[in-house]
Structures are given as structure tokens and as C-alpha cells.
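In: what's the 3D shape of this:
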Amino acid sequence: MAKSVIITCAVTGSIHVPTMSEYLPISPNEVAESAIAAAEAGASILHLHARNEDGSPTPSADTFLEFLPRIKQSTDAVVNITTGGGHGMTLEERCEGALRASPEMTSLNMGSMNFGLFPILDKPFEWKHKWEPEYLEMTRDFIFRNTFKDIEWVLKELGEGHGVRFEFECYDMGHLYNLAHFVDRGLVKPPFFVQTIFGILGGIGADIENLMHMRRMANKLFGEENYEWSILAAGRHQMGFVTTGAILGGNVRVGLEDSLYISKGELAKSNAEQVSKIKHIVEDLSLEVATPTEARERLALKGGDQVAF
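Out: Got it, this is the predicted structure:
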């Protein structure tokens, strides 16, 4: 019998800038409202970043704590806080919100990589904020640092120190092998959540052949019974890729962090709109959507009553 599909919603992220969509959640109130609506639409995990008033990414734990309690009070969804933060932040800054909030889950990128957002500059935007084009241009000469030492520090500080489980973000084939290294050392124990990510400039491309190969190699490295597989694809590849992943037995991630659109040329007006779309697709495939309770059981999470917000 096919497992139910865990839907993760990445609510705002740090990739897109405010000029790109008027619907991108910015303020703590907007993030909270958008996250709650996404959960009501069917998301069992909410992947969260924080932003300043001008829309720039912030690591501030105080800002996270402006919206985390409200989300917890209004929904049973699993809260998953970023440790990727925004470009240019130190590792300690990137983990500030997670260390203060002690959530059930955080993200954890499994390798250093180029992370190119600068092609967005080729589009004819009239920038709302001075920081936006500067932030995008900076990625032309930027390495998103996630060394073995960095990864081990997060595993120990958040995993051992706070009982956090991780969304292991794998942007390339080598990231699966990096994860296998930590599994072999006993620092990562099943069941673990492997988020395979396609279509970021600097990571593996959004080709179906890559999706199939990442799945085959994850099964070989970890054993299919030891991990939960999830799929996300950036931009226009989002819905097609996650639909294919669901057909192949995977879980899915959508949200305005990953794509600003609901269909070709049409901006999504909310995260809930994307969640509703993939929920209907999943159900049309005669699959069931996982509840937060099911997600917690399958990922061996500590429970919403064990967080610090």
C-alpha cells in the first residue's frame, strides 16, 4: 500500500526578492498568516525563514519569535526552521532562530556550493529596494558554505543539543554521499528526511533523469526503508517535478520560496494556492495526503510540545 504524501510548504525563503512578487510574505504577520493558510490547505510541514521590514533576509531570533508562537497556536503543522538563512550570513547567524526556538525540525544543507541568483538581474524589474540587485549580484562570486565541520556542528548543537530532526537538503549527487558519511559515523540515524532539490544554478539540473538517478543512489546508500524521500524543484519546474516524485513514491515540497508561480506566467497569490494545487494532484493520483501526526510518526519527531515557542 502506498504511503501518504507529506507536503512541505516553504513559505518565504531568502531567494526571491520583494520586487519579484507582491504576494511574497515579508512581515511577521504576513509569514504567520501565509503559513497558517498553507497548513489549512494541506501542508503538514512548514519550512520558515524570516525577513526584515524591507524584505531582506534576517537571522534574528526575535523576528522568528514574532510569528512562531502564532503558527503553533493556530495549526498542528510541524515547524521547520531554516539553518540556511540568507546569503552572506555566518553559520552562527544562520542558526540563531533555530537555537532559540528549538523546533521539531530544521533544514540542513549537505554541502558547499555555488548558488547563483544573478540571472534574475537579466529580467526588466524596477527594483523597490536598493539591496535587491546588490544581493542578487553578490551570488555571482559567492559560495554557500556548508563544510563537513559546519554540518557536524549543526548536527551536534541542534540534533544532540535540542532533539531536532533535519530536512537534509541535497542539491547534488555528492550531497547524498556527504549525508551517507554522517550516517556511517552514527551522527545521523534513521528515519531521516532527504529533500532532493533540482534546478538551482550551482546544483543538479531539473531533468527527470537526474530525479531518477538521485532516487536510485539514495536507495543504494541508505536503503529505501531507512529514509523519507522528498522532492522540490525551483521555478517553472516545480509542479511537474513534484508530481513525478509523488508518482514515484516520494513526498513533495512547494511554496513561494521555491517558485513564485501557480501556472505559466501567473503569479501564485499565496502559498495555500500552491499547496491546494499539489494536494488535488496527489489526490487525483489516488494517493492520500499525510497529516501532521503521520509526518511526526514517520520522521520520529520530538513533538510540538517540546519546542521553545
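In: nearest residue to G203 other than its sequence neighbours?
Out: Nearest non-adjacent residue to G203, counting by CB to CB, 6 or more residues apart in numbering: Y171, 3.3 Å away. All C-beta spots, glycine's among them, are computed from the backbone N, C-alpha and C.
In: I figured the one you found hits A206, correct?
Out: No. Contact criterion CB atoms under 8 Å: Y171 and A206 do not qualify, at 11.5 Å.
In: quick one, grab the pLDDT at A2.
Out: A2 is assigned a pLDDT of 79 by the prediction.
In: pLDDT weak spots in this protein?
Out: 1 (pLDDT under 70).
In: and the helices in it?
Out: All helices of the chain, identified by DSSP state H, fall at 28-41, 61-74, 91-94, 96-101, 131-138, 148-154, 161-162, 173-184, 208-222, 238-247, 271-284, 292-299.
In: quick one: the last one to chain centroid distance?
Out: Spelled out, it's helix 292-299. Distance of helix 292-299 from the chain centroid (CA atoms, centre = their mean, to the nearest Å) equals 17 Å.
In: next: the shortest one.
Out: Counting by CA atoms, centre = their mean, helix 161-162 is centred 21 Å from the centre of its parent chain.
In: what are the contacting residues of it?
Out: Applying CB atoms under 8 Å, 6 or more residues apart in numbering, the external contacts of helix 161-162 come out as A98, L99, S102.
In: dump these to JSON lines, plus distance to L299 and neighbour count.
Out: Listed next are the contacts of helix 161-162 as JSON lines, based on distance: CB to CB, whole Å; neighbours: other CB atoms under 10 Å:
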{"residue": "A98", "distance to L299": "16", "neighbour count": "27"}
{"residue": "L99", "distance to L299": "20", "neighbour count": "19"}
{"residue": "S102", "distance to L299": "16", "neighbour count": "18"}
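In: so which of those residues is the closest to Q73?
Out: Looking at these and their distance to Q73, the nearest is S102, at 16.8 Å (CB to CB).
In: who touches the closest one in this structure?
Out: Contacts for S102 (CB under 8 Å, 6+ apart) come out as H162, G163, V164, Q306, V307, A308, F309.
In: how far away is the last one from I71?
Out: Spelled out, it's F309. Here F309 is placed at a distance of 9 Å from I71 (CB to CB, to the nearest Å).
In: now do the shared contacts for those two.
Out: Common neighbours of F309 and I71 (CB under 8 Å, 6+ apart) do not exist.
In: quick one: residues contacting the closest residue in space to P133 that isn't next to it in sequence.
Out: For P133, ignoring the flanking residues on the chain, the nearest one in space by CB to CB, 6+ apart is W127 at 5.5 Å. With contacts defined as CB under 8 Å, 6+ apart, the neighbours of W127 are V17, T19, P133.
In: would you turn those into JSON lines with distance to R140?
Out: Shown next, in JSON lines, are the contacts of W127 (distance: CB to CB, whole Å):
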{"residue": "V17", "distance to R140": "15"}
{"residue": "T19", "distance to R140": "18"}
{"residue": "P133", "distance to R140": "12"}
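In: quick one: which of those is most hemmed in?
Out: Neighbour counts for those (other CB atoms under 10 Å) peak at V17, which has 24 neighbours.
In: what about the closest residue to V17 other than its chain neighbours, neighbour count?
Out: Nearest non-adjacent residue to V17, counting by CB to CB, 6+ apart: E132, 4.2 Å away. Residues contacting E132 under the criterion other CB under 10 Å number 21.
In: touching, E132 and P18? I think so.
Out: Yes. Between E132 and P18 there is a contact under CB under 8 Å: 7.1 Å.
In: distance of the residue nearest to P133 from L267?
Out: From W127 to L267 the distance is 17 Å (CB to CB).
In: quick check: closest non-adjacent residue to L121.
Out: Take L121 and drop its neighbours on the chain: the residue closest to it by CB to CB, 6+ apart is L136, 5.4 Å away.
In: let me see the contact set for the one you found.
Out: Going by CB under 8 Å, 6+ apart, L136 touches V17, L117, F118, I120, L121.
In: what's the farthest-apart pair in the residues you listed?
Out: V17 and F118 (12.0 Å).
In: which residue is the nearest non-sequential neighbour of C95?
Out: T83 (5.1 Å).
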